[in-house]
Each structure stands twice: as C-alpha cells, then as structure tokens.
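Engineer: Sequence unavailable; structure follows:
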C-alpha cells in the first residue's frame with residue numbers, strides 16, 4: 001500500500017515536471033492570425049504572448065477601424081493559442097495520471 005502511494009506521488013511529480021517542460025516549449029509554438037483582407041496580422045505564442053503585430057498602412061488612417069481589427073484579430077489568435085495550450089497540457093496530464101481506482105474517468 002505504502003509503495004503504491006509513493007509510486008503515485010512520484011508519477012504526479014514527474015507529470016508536474018512534464019507540464020512545466022510543455023509550458024516552456026509552448027513559448028516556441030507560434031500562432032499566426034490575420035484579418036480576412038490581410039491588412040492586419042498578429043503572431044503570438046501558444047502561451048498567449050504577443051510576438052509581432054503587422055499593420056498595413058491602409059489601416060493607419062482610420063483609428064476606429066484599426067482598433068476594431070486589433071480586437072477581432074487578437075481575440076481569434078488568443079482563442080487559437082488557448083486551444084493549443086489546453087490541448088497540449090491536457091495530453092501531458094492525461095498521460096501522467098496515476099492509476100487510482102475510481103479515477104479512470106480522467107483517462
């Protein structure tokens with residue numbers, strides 16, 4: 001029994017390390033999103049850090065339009081990055097779940 005508990009604790013610690021490694025790796029996974037007309041493009045990491053914003057000169061003359069583009073494109077990019085982030089972390093967590101009786105609903 002004690003060995004089982006120690007085994008589970010080791011597995012949880014190992015999973016925690018894998019989660020941290022995955023989070024670091026996601027800093028290098030880039031998500032690109034652009035407006036349908038290509039006037040605005042953003043790049044962010046799967047950890048949702050903005051790396052680049054490219055704005056067409058056409059948008060620089062219309063502050064309201066630029067703001068709308070930024071909101072829309074950034075929200076789409078953040079949603080994509082969040083999906084990648086959650087999928088990657090869920091895969092690591094699922095892989096590392098110890099075999100606890102009654103807890104197989106997480107597998």
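Structural biologist: Here it is on my side, so go on. This structure is a prediction, so every number in the text was calculated from the model and none was measured.
Engineer: buried sites along the helix or strand containing residue 68?
Structural biologist: Taking DSSP states H and E as the criterion, residue 68 maps to helix 63-96. Buried residues in helix 63-96, counted by 16 or more other Cβ atoms under 10 Å: 66, 69-70, 73-74, 77-78, 80-81, 84-85, 88-89, 92, 96. Where you see a C-beta, it was placed from the backbone N, CA and C, and this is true even at glycine.
Engineer: lowest-pLDDT helix or strand in this structure?
Structural biologist: Ranked by mean pLDDT, DSSP states H and E, the weakest helix or strand in the chain is helix 2-25, scoring a mean of 81.
Engineer: and it with helix 63-96, angle?
Structural biologist: 150 degrees (axes from the mean of the first three to the mean of the last three Cα atoms, to 10 degrees).
Engineer: Now find how far off-centre helix 2-25 is within its chain.
Structural biologist: Helix 2-25 sits 20 Å away from the centroid of its parent chain (Cα atoms, centre = their mean, to the nearest Å).
Engineer: other SSEs contacting that helix?
Structural biologist: If contacts are counted by 3 or more Cβ pairs under 8 Å, 6 or more residues apart in numbering; DSSP states H and E, helix 2-25 sits against helix 63-96.
Engineer: and residue 26, what does it touch?
Structural biologist: By Cβ atoms under 8 Å, 6 or more residues apart in numbering, residue 26 lies in contact with 45, 46, 47, 84, 85, 88.
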